[in-house]
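Trainee: sequence below, structure please.
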Amino acid sequence: MKLVTKRFTRLCILSLFAVAMMVGLASAGVESEDRVWQYYDPGSERYGIKAYFQPCHKVDQGEGYDLIAGRYVKQAYVRAQADGFTFIVKICGSYDSGRLYSREALFTERVYSDIVISTPDARVKSCSTCVQRLNYGWVYFVKGPYDD
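Mentor: Next comes the predicted model:
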């Protein structure tokens, strides 16, 4: 009876360890240092978008946000649009913020881990008869001959 209990205990401990390792591996590399924040502000009835990045962060495979693996972000942009609706008369107007860019990161900033660069907020008013779109994109450093 004791032999069976020890085997069962070892099996439980090994199973818990294996599950913990799989959870750790599944989450590793998925969360990015470079992020896009989309939000709705009920107080001002606006949709908004903002992008953040660290020029020192080399993008890993599978980070999301349409980032290209193995590259360093140099600049980010966001854009907010609303398509107005017309039914005999114009019910609401169209709006386009255009691309709002962050400042360009300097090549030398790639070594400092505490620098975070962000775009301005791109906002568009909420309207039940409009279609709102929030877009973002990234500009990367050109790889030089001595880059990793």
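Trainee: give me the domain ranges for the chain.
Mentor: Split into domains by automatic domain parsing, the chain comes to 1-30, 32-140.
Trainee: hey, what's Y40 bridged with?
Mentor: Taking DSSP bridges as the rule, Y40 bridges to Y47.
Trainee: my guess is it meets S126, correct?
Mentor: Yes. Counting by CB atoms under 8 Å, Y40 does reach S126; the two are 7.2 Å apart. (Each C-beta comes from the backbone N, C-alpha and C, glycine too.)
Trainee: now the common contact residues for the two.
Mentor: Common contacts of Y40 and S126, defined by CB atoms under 8 Å, 6 or more residues apart in numbering, comprise 46-47.
Trainee: before we move on, the earlier item: out of the domains of the chain, which one sits most buried?
Mentor: domain 32-140 (a mean of 16; mean count of other CB atoms under 10 Å).
Trainee: that one: end-to-end distance?
Mentor: End-to-end distance for domain 32-140: 15 Å, by CA to CA, to the nearest Å.
Trainee: equivalent analysis for stretch 95-104, please.
Mentor: End-to-end distance for stretch 95-104, by CA to CA: 26 Å.
Trainee: where do the strands sit along the protein?
Mentor: Counting by DSSP state E, one finds strands in the chain at the ranges 35-41, 46-53, 73-83, 86-87, 89-90, 95-96, 100-101, 117-118, 122-125, 131-140.
Trainee: cool, thanks, signing off.
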